[in-house]
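Peer 1: A structural model of the following input is requested.
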Amino acid sequence: MLSAYIGLGSNLGDPAAQLCAALAALSRMPETRLAARSSLYRSAPVGDAGPPDFVNAVARVETGLAAEALLDALQGIERAHGRERPFPGAPRTLDLDLLLYGSQRIATERLSVPHPRMHERAFVLLPLLELDPDAQIPDLGAARDCLCSVAGQNVERMR
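Peer 2: Residues are numbered from 1 along each chain as shown. Now for the predicted structure:
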């Protein structure tokens, strides 16, 4: 079993309920155990996503799935929650990102791990550090060292 971190986000429908349902779905994935989940955080959309605000969280899973099989399972959960991809950064019912897969670096046509922008997003770093204050991002080092560069992003812990 390997530890992987999943970023969760939603800004359509009832975002907090969407994340709770997604966490329940993560706990039912094959060869995978939901080990921990962060608090929920509210954040302003990045780029062209537009209002309303997002609700975000991070989950840690212990999994026996290969990285791309885990990605497939995550995308299946997104589809089950009505996720559409009309354009990059579009508002969404549910977004599940594979942030970290152990300490591995993965670069395929379908998957980049660590997530290429995770170190630029307070809504990822804060819940990740809540789960693991010593989290390391391969090739970048300590996740907490990235916080200074995102200090201006408005992220509020909800619960």
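
Peer 1: that's a strand at residue 82, yeah?
Peer 2: No: counting by DSSP: H, G, I helix; E, B strand; the rest coil, residue 82 falls outside a strand, being coil.

Peer 1: I'd say it and residue 95 touch.
Peer 2: No: counting by CB atoms under 8 Å, residue 82 does not reach residue 95; the two are 11.8 Å apart. (Each C-beta comes from the backbone N, C-alpha and C, glycine too.)

Peer 1: neighbour-wise, which of those two wins?
Peer 2: More neighbours surround residue 95 than the other of residue 82 and residue 95, with 23 against 12 (other CB atoms under 10 Å).

Peer 1: List the residues that contact the more buried one.
Peer 2: Residues in contact with residue 95, defined by CB atoms under 8 Å, 6 or more residues apart in numbering, are 7-10, 78, 83.

Peer 1: Go through those residues and flag which are in helices.
Peer 2: Taking DSSP state H as the definition of helices, the contacts of residue 95 contribute residue 78.

Peer 1: In terms of model confidence, name the weakest of the contacts of residue 95.
Peer 2: The member of those with the lowest pLDDT is residue 83, at 74.

Peer 1: measure the spatially closest residue to residue 80 that is not a sequence neighbour to residue 94 for me?
Peer 2: Spatially, and ignoring its direct neighbours in sequence, residue 80 is nearest to residue 25 (7.1 Å; CB to CB, 6 or more residues apart in numbering). Residue 25 is 9 Å from residue 94, where distance means CB to CB, to the nearest Å.
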